[in-house]
Each structure stands twice: as structure tokens, then as C-alpha cells.
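Enquirer: Sequence isn't available, so here's the structure alone:
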């Protein structure tokens with residue numbers, strides 16, 4: 001197995017050199033062919049996904065994980081749509097970031113280039129397979145995929161459909177690779193190949209990410225948790241706040257951009273919370289609140305612990321806290337949040353600006369649901385992941401974030417004295 005994985009990495013390096021030189025027209029043509037191949041292979045992909053779902057249910061995996069695992073015609077069409085969208089985006093490779101002249105007469109240009117070989121280690125969501133292939137290919141990188149065993153059949157079906165397009169267009173085999181063994185030692189081997197792989201990105205639960213960070217000899221971009229907040233300010237439109245909070249929690253609770261904690265200003269808590277709590281309970285949400293929230297709710301709510309405010313539930317569970325001030329809300333978010341996505345609902349411009357300035361998160365919203373933290377929703381076509389790191393990328397990662405840069409310098413015979 002070790003030799004096989006090393007050979008995959010070597011092939012990926014060779015492929016990356018060729019991909020870096022492809023024209024935008026060539027890349028876009030292949031991307032559209034990949035999208036069409038997914039649609040053409042819909043029945044095969046759905047059949048493979050049914051096998052994964054049956055095994056997941058038999059293993060009694062959590063409902064949130066099964067939701068992320070599920071593929072239907074709409075989701076496959078969405079995967080294809082993302083590839084079509086990526087084809088329409090500007091190619092970052094070769095873009096000039098800036099240029100300037102220096103006293104020696106040299107002309108210096110800072111230009112975007114591919115990173116090289118990217119490894120993606122992920123769980124559950126088979127659509128990640130297509131998204132990562134599309135974004136890596138458009139940005140001139142080769143990609144090695146290692147999905148979770150729970151989605152192996154689905155990932156393999158998606159990979160085969162796209163690999164056929166790679167082959168039929170005369171591109172090197174190492175353009176896209178899938179490590180299909182269920183043996184967990186494969187990840188350990190992969191993470192030691194820093195001579196071949198330039199970047200690794202884990203997408204999945206906190207345990208997976210911690211393992212990758214602890215074992216990797218390769219630079220890692222990550223996010224551990226999605227503990228996202230919505231703060232209902234004392235100047236909030238409460239009808240708007242109700243709609244946003246409901247969407248942020250109930251829309252799709254098993255994803256990383258779902259609201260896990262709701263903060264409410266003391267001055268509007270009595271007016272806002274009773275109806276909001278009623279709606280959450282009707283939707284099956286289990287609430288865990290501070291003493292003031294429990295008093296307003298008049299029963300049916302567990303007392304929230306410190307641990308609750310630090311928990312990414314990925315389920316229909318929500319922690320609630322009443323705060324005295326805007327600054328108290330900001331302090332709570334910066335203490336308990338995961339620097340992912342946080343939102344303020346307010347009609348006060350100054351409060352909005354203060355929230356945006358002081359909350360230390362990758363994505364900070366005013367009067368909108370945290371559920372919009374998504375590369376596709378941001379107009380990026382798709383995303384390869386969401387980073388809560390500060391280097392080298394933050395938030396949804398798409399084409400630009402999959403490039404680095406080099407300096408291109410023009411001279412006319414200069415020598416340094």
C-alpha cells in the first residue's frame with residue numbers, strides 16, 4: 001500500500017507540471033465535460049450512493065452524517081452546476097497581483113501560480129469529490145483525494161466518471177487521484193509525503209482534523225469547528241431576526257455554517273424569545289439556555305453549561321444566552337466561537353460596524369443567515385473548504401486561495417554593486 005500511495009504522489013507531481021501550463025480555454029472545456037459526465041452517470045452514482053446509505057443506516061451513523069452523505073438528482077445536478085460555474089470564472093493562474101519599478105531599473109511583477117499537489121482528506125459528503133476536482137483543476141493543481149469509508153462507493157462512482165474525462169482529453173493520470181482503500185494507515189502514509197505534496201486540507205470532524213494536524217509533515221489548512229452565532233441586537237427588526245435565526249439553525253443543522261448559539265440582548269429578550277422558542281420547539285429543536293432564557297421560556301429548556309457554548313452540535317440542538325450589551329455579545333463570540341461565521345441582526349449602523357470590526361471570525365454578517373458561508377453562495381463557483389486559519393487563506397476557499405505567487409523580474413543587464 002505504501003508503495004502504491006507514493007507512486008500516486010509521484011504521478012501527481014508530474015501531472016501538476018503539465019496542468020500549470022494549460023490554457024484557460026483547455027481547462028474550461030474539460031470542466032464542462034466533467035459536469036456533463038456527472039449528469040450522464042447520474043443513475044450509476046445514485047446506485048452507489050444507495051449502497052453507502054444502507055451501510056450507514058446499518059451502522060447507525062448519526063442523522064446529520066447521513067444527511068451529508070445523501071445524494072439525490074438535485075444534489076448531483078448541483079455538483080454539475082458547480083463545475084459549469086467554475087468554468088465560467090476567471091482563471092487566477094498568471095494573474096498579476098501587482099507590479100512596480102525599483103531604483104535599479106528592474107521591473108517586478110507579483111503573479112499568481114498554482115500551489116502544485118493538493119491532498120484532500122474528507123468525510124461524508126460525496127459532493128466534495130467533484131468540487132475539489134473542479135477547483136483544483138481550474139487553478140492548475142493536481143489533487144489526491146482520500147474520502148471517508150462511509151462514502152467510498154459514492155466517491156468512487158463520481159471519481160470514475162470524471163477520470164474518464166481526464167483520460168479522453170489526453171491529460172495525465174495523476175491529474176486526479178483517489179485513494180480508495182479503507183485502511184486508515186493510508187492517511188498516515190499520505191501525510192508523510194512532504195517531498196511530493198504541497199498542501200493538505202482535512203474536511204470533516206474535529207477528531208479527523210486533529211489527527212491530520214498532529215501527523216502531517218505537510219502544511220495544513222483547516223477548521224476545527226463551526227460554532228456559529230447569531231446575535232439579536234436591541235435595535236433588531238424582530239421579525240427579520242426570527243426568520244434568520246430559524247433558517248440558521250433549522251435549514252440544515254448538520255453543516256458547519258449552521259447557528260449553534262443564539263445571543264439576545266436583554267432589552268428585547270422578553271419580546272423576542274417566547275415566539276422564537278415556540279417555533280424552534282415545533283421544529284424539534286432542543287434548547288439549552290441561560291437562567292434568564294429559562295425564566296422567560298417558563299419550562300422545557302435545559303440549563304446551558306459552559307461546555308454547551310463550546311459545542312458544535314451539528315444537530316437540532318441550540319444554546320441560547322441573554323446578554324446585557326453589544327460588547328458582552330462580542331466577548332462571548334470571541335471566547336466561545338470557532339472564528340467561522342457570526343451574524344448581528346440590527347438596524348443600528350454603529351452597532352453593526354462595531355460588531356464587524358471586533359468579532360474575530362472568517363465571515364461576519366449583518367442582517368443575514370450564517371448559512372451563506374459557502375463558496376458557491378459567495379460566487380466562487382464552489383469551495384474546496386472553509387478555513388478558520390489566518391494563513392494563508394481564511395473563509396471559503398476557491399480558485400484564488402488555491403494559488404500562491406511568484407515574483408517575475410525583468411531587467412536590462414543590471415548587476416548589483
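Expert: Happy to help now that I have it. These numbers come from a predicted model, not from an experiment.
Enquirer: Is the closest residue in space to residue 251 that isn't next to it in sequence in a helix, a strand, or coil?
Expert: For residue 251, ignoring the flanking residues on the chain, the nearest one in space by CB to CB, 6 or more residues apart in numbering is residue 371 at 5.5 Å. Backbone N, C-alpha and C define where each C-beta goes, glycine included. Assigned with DSSP: H, G, I helix; E, B strand; the rest coil, residue 371 falls in the helix class.
Enquirer: List the contacts of residue 371.
Expert: The contact partners of residue 371, taken as CB atoms under 8 Å, 6 or more residues apart in numbering, are 247, 248, 251, 252, 255, 257, 258.
Enquirer: isn't the fifth one right up against residue 226?
Expert: Yes - in this structure residue 255 lies within contact range of residue 226 using CB atoms under 8 Å: 7.5 Å.
Enquirer: Settle it for me: which of these two has more neighbours?
Expert: More neighbours surround residue 226 than the other of residue 255 and residue 226, with 22 against 17 (other CB atoms under 10 Å).
Enquirer: That one: what's it in contact with?
Expert: Residues in contact with residue 226, defined by CB under 8 Å, 6+ apart, are 255, 256, 257, 258, 260, 312, 338, 340, 341, 386.
Enquirer: if we go to 10 Å?
Expert: Neighbour list for residue 226: 255-260, 312, 314, 337-341, 370, 373, 386, 388 [criterion: CB atoms under 10 Å, 6 or more residues apart in numbering].
Enquirer: Got the confidence number for it?
Expert: Model confidence at residue 226, given as pLDDT, is 94.
Enquirer: tell me what the helix or strand of the chain with the lowest mean pLDDT is packed against?
Expert: The helix or strand of the chain with the poorest confidence is helix 63-69; it has a mean of 85 (mean pLDDT, DSSP states H and E). Identification of packing neighbours for helix 63-69 by 3 or more CB pairs under 10 Å, 6 or more residues apart in numbering; DSSP states H and E yields helix 42-58.
Enquirer: Now do the strands in the stretch 251-400 of the chain.
Expert: 259-265, 286-289, 302-303, 317-323, 341-345, 363-366, 385-387, 395-397 (DSSP state E, counting those that start in this stretch).
Enquirer: I'd assumed residue 39 was in contact with residue 161.
Expert: Yes - when contacts are counted by CB atoms under 10 Å, residue 161 is listed as touching residue 39 (9.4 Å).
Enquirer: list residues touching both of those two?
Expert: residue 45.
Enquirer: What is the helix or strand encompassing residue 18 packed up against?
Expert: Here residue 18 is covered by helix 2-19, with elements defined by DSSP states H and E. Using 3+ CB pairs under 10 Å, 6+ apart, the elements in contact with helix 2-19 are strand 107-114, strand 117-122, helix 127-138, strand 142-146, strand 176-178, helix 185-190.
Enquirer: can I see the domain layout of the protein?
Expert: Domain assignment for the chain, taken from automatic domain parsing, gives 2-222+389-410, 228-372.
Enquirer: Looking at these, which is nearest to residue 379?
Expert: Across the domains of the chain, residue 379 has its closest neighbour in domain 2-222+389-410 (8.5 Å, CB to CB).
Enquirer: Buried subset of the contacts of residue 371 as a ChimeraX selection?
Expert: Command for ChimeraX that selects the buried part of these, burial taken from 16 or more other CB atoms under 10 Å:
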select :247,248,255,257,258
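Enquirer: Among residue 161 and residue 39, which residue is more densely surrounded?
Expert: Shown here are residue 161 and residue 39; by other CB under 10 Å, residue 161 has more neighbours (21 against 16).
Enquirer: mind listing what the more buried one touches?
Expert: Residues near residue 161 by CB under 10 Å, 6+ apart: 34, 36, 37, 38, 39, 40, 41, 42, 44, 45, 129, 130.
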